[in-house]
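Asker: show me the folded form of this:
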Amino acid sequence: MSYQKPENLIFVPLSWTLPQAEYGGYTSCSGRGRGLTDQNLVEGTSLVLTDRHVCLRSKSTRMSAIDDKKPWWQEKTFEFSGHTLKMAMFKESSLGVSAYVWEPGVELCQYFHNEKVNFAGKKILELGSGTGIVGILAVLLGGDVTLTDRPRVLKQIEYNVAANIPSHSRHRAKVGTLVWGDDQFNYSTDFEVILGSDIVYSPIHFPALVKTLLHFCSVNTVIYLSSNLNARMGAENFHKEVLPKLFNCELVHSNKGNCIYKVTKECTDNAD
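Answerer: Purely as a prediction, here's the structure:
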């Protein structure tokens, strides 16, 4: 079956999300599509579904950029070390817990702020980046940062990188897939700093996480892990029992259950 494009109709592939399509500011519609709901079309705009596309029909042929109403996603603003971060969270895009800025991430950013950390010249790896808030701040603090997560989360990270890092610094931010226990061999092992915020949340993932940390950590590597020991299953055991058997672990900050550990490699023959 073929479709004839009516006047003032913009076709958006169903595989797109709104940040990719860059159409938006929405309030009402006549149908539903991926990422599009009754609450997110502009006044005077209707939505038509085909088997291949979401079609946005407007009074004019020009659609506004996503700036105003975003009920299907949320943006939060943070201030650290003189930088304003506007973090987008794609809450209706099947990202689950990855579509949130969690307290341990904010706590780690605040720690870098309080300690006046300067990452200039440092090669940094972030595990489980989620929204990318920690890795993005590390770039703004001078680091050469690789932000990683599962494939479905990468578009959210890329969006936030583009929104928060000036173009002249964006070459220091790389985004890639890293599934713990599987993909670590696709990356070099010369990272000087490894970051992880709220990545210790389920014992089922601990073996793969430990395997990944051991792969990347040398005697010259510093790992910063920020976890909520009260709210995450097994987090206290991981930091107090599991990790100290393999690494030197130092609690450098604690606030309302959110704990930041500075982790380095054991310099013994039993470190593996």
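Asker: number of residues surrounding residue 151?
Answerer: Residues contacting residue 151 under the criterion other Cβ atoms under 10 Å number 11. Heads up, the C-betas are built off the backbone N, CA and C, glycines and all.
Asker: residues touching the residue nearest to it when sequence neighbours are not counted, list them.
Answerer: Closest residue in space to residue 151, ignoring its immediate chain neighbours: residue 177 at 5.1 Å, by Cβ to Cβ, 6 or more residues apart in numbering. By Cβ atoms under 8 Å, 6 or more residues apart in numbering, the contact set of residue 177 is 148, 149, 150, 151, 154, 183.
Asker: swap the cut-off to 10 Å and go again
Answerer: Residue 177 makes contact with 148, 149, 150, 151, 152, 153, 154, 183, 186 under the criterion Cβ atoms under 10 Å, 6 or more residues apart in numbering.
Asker: doesn't the first one lie inside a strand?
Answerer: Yes - counting by DSSP: H, G, I helix; E, B strand; the rest coil, residue 148 is part of a strand.
Asker: host element of residue 75?
Answerer: Assessed by DSSP states H and E, residue 75 sits inside strand 74-80.
Asker: list the buried residues for that strand?
Answerer: Across strand 74-80, burial judged by 16 or more other Cβ atoms under 10 Å covers 78, 80.
Asker: can you check stretch 174-187 too?
Answerer: Neighbour-count burial for stretch 174-187 [16+ other Cβ under 10 Å]: 174, 175, 176, 178, 180, 184, 187.
Asker: could you tell me the end-to-end distance of it?
Answerer: Length of stretch 174-187, first residue to last, Cα to Cα, to the nearest Å: 12 Å.
Asker: how distant is it from the center of its chain?
Answerer: Its chain's C-alpha centre and that of stretch 174-187 lie 15 Å apart, by Cα atoms, centre = their mean, to the nearest Å.
Asker: let's have the buried residues of stretch 174-187 in CSV, adding pLDDT and distance to residue 247.
Answerer: As requested, the buried residues of stretch 174-187 are exported to CSV (pLDDT from 0 to 100; distance: Cβ to Cβ, whole Å):
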residue, pLDDT, distance to residue 247
174, 98, 25
175, 98, 27
176, 98, 24
178, 98, 19
180, 97, 16
184, 96, 16
187, 97, 19
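Asker: possible to save the contacts of residue 177 as a markdown table with pLDDT?
Answerer: A markdown table is the format used below for these (pLDDT from 0 to 100):
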| residue | pLDDT |
| --- | --- |
| 148 | 98 |
| 149 | 97 |
| 150 | 94 |
| 151 | 94 |
| 152 | 92 |
| 153 | 94 |
| 154 | 95 |
| 183 | 96 |
| 186 | 96 |
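Asker: report the two of these separated the most.
Answerer: Largest separation among those by Cβ to Cβ: 152 and 186, giving 17.6 Å.
Asker: rewinding a little: just the ones of the buried residues of stretch 174-187 in strands?
Answerer: 174, 175, 176 (DSSP state E).
Asker: you'd agree residue 245 is up against residue 266?
Answerer: Yes - using Cβ atoms under 10 Å, residue 245 is in contact with residue 266, at 8.7 Å.
Asker: more neighbours, these two?
Answerer: Between residue 245 and residue 266, counted using other Cβ under 10 Å, residue 266 has the larger neighbour count: 16 against 11.
Asker: and the helices in the stretch 101-250 of the chain?
Answerer: Secondary structure of the stretch 101-250 of the chain by DSSP state H, counting those that start in this stretch: the helices cover 103-114, 133-140, 154-164, 206-216, 235-237.
Asker: right, I'll leave it there.
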